[in-house]
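Novice: no sequence on this one, just coordinates:
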């Protein structure tokens, strides 16, 4: 490949080139250390702000890994942009071509291509495939004989939660609003359907909804005519009152009532859960 | 086909070859006025025919979904014929001579024009109008989101309609258009050393579809609110009042426009290159436009069929995408187009980086073949990644392959950075507005890329999807990368477009302004998303209000910044310093011709001797034939070959 030969001042150019490379490397390393420190602080604080399920923790770890690995890449490009702009800019409006003209640099291109392929393969293996593998495992039927099953029906615009194992239909709080209670440290299997149980003769009433609990770190679209599942493992006692991210929120636009399609979530101890179930059944018996 | 080209070319030369005004033989109604008139007549006639005679419905409404569809189609035909299609397309088909004279003043922008430069300006102006209409919708959305309750819009549906209008016009009238229909039409024939595009009559008519599309979508609430956003997911689209019908029709007009541009530019790049302009020598922007035009040719018909199906589903109606049909199918075929659309928007931006940086730094383009490889492979890969928009609703087994390709597409994307960074190394960079904006664009797209890697990971995607995180991500790629590159292109080619220079101080100041405001807005979108802010909500939990309020303030500053850029460009268009023929000392062929709109680009066909990006080679790019290189006849800046 053609290498710049204008002027023929190869030795001088070489020396200058080394200085630039060293200077750039120093700035890059400095920026990387600073940025990694920032990313560490961010990760320590919690990228997902608030997590209450093992799935959210897995996701948070995946974010942390990718950010940590990508930070030097990010700073490489940013420092290069700034360094190039400051170091190689000229005050003259009419520029003449400088002495350094080259079309290629096989080492640089080779490293660039290899590193970008390597990083992508790495990210695909971990965290993409590995975390997904973990998620698939958590969904296997055999590990979940003890799952708490919650039937979730999404209609415009309301969530309806039922607990078939406990005989609780359409769980409601004292004000008649849908509410989701879950025991802590349990695997929960949500069975998700989208239809209108009060207007079953109207198939056009069902639209796509999305079951999302921000603090649980995952969501699942609910497609009319299909049954979907979502699995979580609750990790801490918490509720909507502790952190508003502990709520069910429809995340897929479903018409004008979309913002109101939310419900508070309460993760409680096993004892409290049983007490709540008893209370719900009493409420049902009365109504 | 070749006879058409020759025919039109001859006509083009006779109609616009001289710089002086050629007035029509007889006074005719101004074409735009006649177009509006014919459209209105056609609309009323056909609408009355359908709703009152052929398809009367209960309670006898004058406008029904069905009647408005037919009436709109008739109005579109009336408009296109009135604005000049009658003389230029229909009458010649019946053996009449093609009589269409373009006056050499402002009026040529308000009628069909066979000059690719006029068409380019028409596209640029129309898509800029689209940008500011859709931007105004965004400002209204941000005003609403300043408070957690509904206070700005009268109801939920009005907010959601604004969301849909914003997204649709931004995507189909600005993002897809400005760098392709606008700069592509203007620059590609010039860059190839040609005197026109391959199908000048096609591009003459295609540009007039765009204002129809913008108006149709912007006025869609006249027919009723629609709540789906720009993706028009079924079955929700079937529930809405009739406004969604205008969405399908408007998008149809805009996509036809882009499709015709793509066909025209592809043919131009393949068949209209100057002698010696081999594939190894064509400019990077031509590679970018070729890649994006192929994407358009592959994917626009697909989305048009989808929307036609969905329109029929809506007005007949069918239950194709409802509970008893298959809602997932709509999503799949929407995103099958939807993701290539992202690259339709951003690939020309990559090409602009690689076009501007070597010139502004007077530095040999680094690793050119890798840059071309990057553009082409992004184009090829873009059809393999669509379902990463559907990690939340697809089957588990489909996740891994789409995750894989989505991660891999960052490799050819990275080549754009490889080329740009290598080109800047040891260059003599002029810190002018185009350079600054390209660097800002690269920074913004880097953020878009890093967050894209996060989103390609299914487990992370399941949390970030449908939240403001993803909204931040795609605004970084679209505003951050494409719009900043488009601004760079405006300032870089402004001397070529109008012969005048912008104000360096104002351009740099305003660029820093929009850069800061942009990052303040969309950087915080990531945080909002992770904190639980979901999309399409005019009402949201109160704990998010403080951050949203602050984001809105920066969003208004961003909007004002873009408006000031517009005012600056429009002002300098008429009042800037005369720029000379080639102020940046560029080598590509558009700088070897000073032809203004209506003028011939190259009086003598240029012969290209070598590529445009090697600054170690000081020899002239064009074959020197003495006076043979004298260019545009009259008008504009001083013509003449550039100093080499």
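Specialist: Arrived safely, thanks for sending. Bear in mind the structure is a predicted one, so any value in this text is a computation, not a measurement.
Novice: which residues touch the spatially most central residue of chain B?
Specialist: By CA atoms, centre = their mean, chain B has its centre lying nearest to residue B:177, at 1.7 Å. By CB atoms under 8 Å, 6 or more residues apart in numbering or on different chains, the contact list for residue B:177 reads B:123, B:126, B:127, B:130, B:210, B:254, B:257, B:258, B:261. The C-beta positions use only the backbone N, C-alpha and C, and glycine is treated the same way.
Novice: redo that, cut-off 7 Å
Specialist: B:123, B:127, B:210, B:258 (CB atoms under 7 Å, 6 or more residues apart in numbering or on different chains).
Novice: and residue B:188, by the same measure?
Specialist: Taking CB under 7 Å, 6+ apart, we find residue B:188 in contact with B:265, B:268, B:269, B:286, B:289.
Novice: among those residues, which are in helices?
Specialist: B:265, B:268, B:269, B:286, B:289 (DSSP state H).
Novice: pick the one among the contacts of residue B:177 closest to residue B:37.
Specialist: When the contacts of residue B:177 are ranked by distance to residue B:37 (CB to CB), residue B:210 comes first, at 19.7 Å.
Novice: how many neighbouring residues does that closest one have?
Specialist: 27 (other CB atoms under 10 Å in any protein chain shown).
Novice: the spatially most central residue of chain A and residue B:464: what is the separation?
Specialist: Taking CA atoms, centre = their mean, the centroid of chain A lies closest to residue A:59, which sits 5.8 Å from it. To residue B:464, residue A:59 is 9 Å away according to CB to CB, to the nearest Å.
Novice: same thing with residue A:178?
Specialist: 26 Å.
Novice: more neighbours: which of these two?
Specialist: Regarding residue A:178 and residue B:464, a neighbour count based on other CB under 10 Å identifies residue B:464 as having more, with 25 against 19.
Novice: gap between the two ends of stretch A:179-191?
Specialist: Its start and end residues considered, stretch A:179-191 measures 16 Å (CA to CA, to the nearest Å).
Novice: wait, does it contact chain B?
Specialist: No - Stretch A:179-191 does not reach chain B (CB under 7 Å from any CB of the partner chain); its nearest approach is 13.3 Å.
Novice: just to revisit the earlier point, any chance of the contacts of residue B:177 in TSV, plus secondary structure, distance to chain A and pLDDT?
Specialist: Formatted as TSV, the contacts of residue B:177 follow (DSSP: H, G, I helix; E, B strand; the rest coil; distance: CB to the nearest CB, whole Å; pLDDT from 0 to 100):
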residue	secondary structure	distance to chain A	pLDDT
B:123	helix	31	97
B:127	helix	27	96
B:210	helix	27	97
B:258	helix	26	96
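Novice: for those residues, which one is nearest residue B:232?
Specialist: residue B:258 (17.8 Å).
Novice: what about the closest one, how many residues nearby?
Specialist: Residue B:258, neighbours per other CB under 10 Å, totals 26.
Novice: test my guess that it contacts residue B:299.
Specialist: No - using CB atoms under 7 Å, residue B:258 makes no contact with residue B:299, being 10.3 Å away.
Novice: ok, back up a step: which of the contacts of residue B:188 has the largest number of neighbours?
Specialist: Using other CB under 10 Å as the neighbour test, those are led by residue B:289, with 31 neighbours.
Novice: that one and residue B:182 touch, don't they?
Specialist: No - taking CB under 7 Å as the definition, residue B:289 is not a contact partner of residue B:182, at 11.2 Å.
Novice: ranges for the strands of the chain?
Specialist: Picking chain A for this. Secondary structure of chain A by DSSP state E: the strands cover A:148-155, A:158-162, A:180-183, A:187-194, A:209-213, A:218-222, A:228-233, A:238-239, A:247-250, A:262-268.
Novice: I was thinking of chain B, sorry if that wasn't clear
Specialist: Under DSSP E, chain B gives strands at B:500-501, B:577-578.
Novice: tell me the domain boundaries of the chain?
Specialist: You didn't pick a chain, so chain A it is. If you go by automatic domain parsing, the domain ranges for chain A are A:10-86+A:117-139, A:146-286.
Novice: looking at chain B here, not the other one
Specialist: Looking at automatic domain parsing, the domains of chain B come to B:29-97, B:116-572.
Novice: adding distance to residue B:590, write the ones you listed out as CSV.
Specialist: CSV is the format used below for those (distance: least, CB to CB, whole Å):
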stretch, distance to residue B:590
domain B:29-97, 26
domain B:116-572, 4
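Novice: how about these, which one is nearest residue A:189?
Specialist: Closest among the domains of chain B, using CB to CB: domain B:116-572, at 14.8 Å.
Novice: returning to that earlier point: how about the domains of chain B, which one is nearest residue A:195?
Specialist: domain B:116-572 (6.9 Å).
Novice: chain center to the closest one: distance?
Specialist: Taking the mean of its C-alpha atoms, domain B:116-572 sits 7 Å from the chain's own mean (CA atoms, centre = their mean, to the nearest Å).
Novice: near chain A, which residues of the stretch 501-644 of chain B are found?
Specialist: Those residues of the stretch 501-644 of chain B that sit near chain A, judged by CB under 7 Å from any CB, are B:530-532, B:534-541, B:543, B:585, B:614-616.
Novice: now list the buried members of these.
Specialist: Listed as buried from those are B:530-532, B:534-541, B:585, B:614-616; burial here means 16 or more other CB atoms under 10 Å in any protein chain shown.
Novice: end to end, how far does stretch A:257-264 reach?
Specialist: End-to-end distance of stretch A:257-264 (CA to CA): 17 Å.
Novice: can you report how many residues neighbour the residue nearest to residue B:42 when sequence neighbours are not counted?
Specialist: Distances taken as CB to CB, 6 or more residues apart in numbering or on different chains place residue B:78 nearest to residue B:42, at 3.5 Å, with adjacent residues excluded. Residues lying near residue B:78 (other CB under 10 Å) number 24.
Novice: mind listing what residue B:78 touches?
Specialist: B:38, B:39, B:41, B:42.
Novice: try 10 Å this time
Specialist: B:34-43, B:45-46, B:85-86 (CB atoms under 10 Å, 6 or more residues apart in numbering or on different chains).
Novice: can you tell me how far it is from chain A?
Specialist: For residue B:78, the distance to chain A (CB to the nearest CB, to the nearest Å) stands at 35 Å.
Novice: which residue packs closest to the closest residue to chain A within the stretch 51-200 of chain B, ignoring adjacent ones?
Specialist: Closest to chain A within the stretch 51-200 of chain B is residue B:156: 3.6 Å, counting by CB to the nearest CB. Sequence neighbours aside, residue A:256 is the residue nearest to residue B:156 in space, at 3.6 Å (criterion: CB to CB, 6+ apart).
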